[in-house]
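Asker: Prediction below, plus the sequence it came from.
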Amino acid sequence: MVYLKTEEELAIIREGSQILGKVHGEVARLIKPGIKTSKLDEVAEEFIRDHGGSPSFKNYNGFPASLCISVNDVVVHGFPGNYELRETDIISIDCGVYYKGYHSDSAYTYPLVGVDAETLLLLNRTYDSLFIGIAQAKAGNRIGDVSYAIQSYVESFGYGVVRELVGHGVGKRLHEDPEVPNYGRRGKGPKIVAGMVFAIEPMINRGTKNVVQERDGWTIRTSDRRPSAHFEHMVAVKENETEVLTTHKYIEENYSYKWRNKSQ
Ligand code: MG
Ligand code: MG
């Protein structure tokens, strides 16, 4: 069941999404070699609570933290912990904020300064695929148009598109309908209509599309242990335009390594 949002609901989600963007910005300042991933989680939780929200992920089906922190070959749902970042790592930070009854959800993958050129390309192209998908998320299209656009772009580079995890509607619940896969066929799937709010989140692997789940019941890794990238935005569909609700602006302002290749 898809819950369409009113203007009033959108206003709240927009506010929550700004807080979420700033959480990402606070985390971005700290990402450097030597930082413990548990420290990033502490800072995020404190910031969320100081701004009148609560972390969407903490205790969600038993998830133990405010951030999903996924390093290198971890695709998504990694736990923060004692691991200290190294300069050749990539790290995906996924965060959700619950604010005035509504969730927001977005993710970003950072390269540290020593990341190899191939992995940097994976990140640039995955980032681009998010916006290629967003461009198809308009009233009158179908979810399959978004899925197909992402899949065909990233597969042209030989990358693997994760099948087991997908984007999703967001609202009073963190995961609502529709599902938004990163693979699919043009013209298929639910129709996109004004009032829909959903997260688009390509999870793209440098090698195989296949993933495995760790014994902790959460952590998802690539089965060939090659790196994986993840970027996520939430959009609100309107009659004549689609608004990107979440923001990476604060990340771009605060992260010291300016890694994006704008010409990609
Ligand atoms: Mg999501
Ligand atoms: Mg997310």
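Answerer: Here it is on my side, so go on. Numbering: from 1, shown residues only. Ligands and ions are numbered 1, 2, ... in the order given.
Asker: does V97 have beta-bridge partners, and which?
Answerer: Judged by DSSP bridges, the bridge partners of V97 are P55, S104.
Asker: what's near enough to touch it?
Answerer: By Cβ atoms under 8 Å, 6 or more residues apart in numbering, the residues touching V97 are 16-17, 19-20, 23, 48, 53-56, 103-104. To be clear about C-beta, it is placed using only N, CA and C from the backbone, and glycine gets the same treatment.
Asker: The same query, at a cut-off of 10 Å, please.
Answerer: Residues near V97 by Cβ atoms under 10 Å, 6 or more residues apart in numbering: 15-23, 44, 47-48, 51-57, 66, 103-106, 246.
Asker: Now list the buried members of those residues.
Answerer: When the contacts of V97 are checked for burial by 16 or more other Cβ atoms under 10 Å, the buried set is 15-23, 44, 47-48, 51, 53, 55-57, 66, 103-106, 246.
Asker: So which of the residues you listed are in helices?
Answerer: Under the assignment DSSP state H, the buried ones among the contacts of V97 contribute 15-23, 44, 47-48 to helices.
Asker: Select, from these, the two members most distant in space.
Answerer: The span of these, defined through Cβ to Cβ, is set by E15 and A44 at 17.7 Å.
Asker: To which secondary structure element is the nearest residue to K100 once chain neighbours are set aside assigned?
Answerer: Of all residues not flanking K100 in the chain, I12 sits nearest, at 4.8 Å (Cβ to Cβ, 6 or more residues apart in numbering). Using DSSP states H and E, the element containing I12 is helix 7-30.
Asker: Run through the neighbouring helices and strands of that helix.
Answerer: When contacts are defined as 3 or more Cβ pairs under 10 Å, 6 or more residues apart in numbering; DSSP states H and E, helix 7-30 packs onto helix 37-50, strand 67-71, strand 90-99, strand 102-111, strand 197-200, strand 233-237, strand 242-244, helix 249-254.
Asker: I'd like those as TSV, with mean pLDDT and distance to ligand 2 appended.
Answerer: Output for the helices and strands packed on helix 7-30, formatted as TSV (pLDDT from 0 to 100; distance: least, Cβ to the ion, whole Å):
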stretch	mean pLDDT	distance to ligand 2
helix 37-50	98	13
strand 67-71	98	7
strand 90-99	98	4
strand 102-111	98	4
strand 197-200	98	6
strand 233-237	98	9
strand 242-244	98	14
helix 249-254	97	14
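Asker: picking up where we left off before, quick one: which of the ones in helices among the buried ones among the contacts of V97 is nearest ligand 1?
Answerer: Taking Cβ to the ion as the measure, L20 is the one of those closest to ligand 1, at 11.4 Å.
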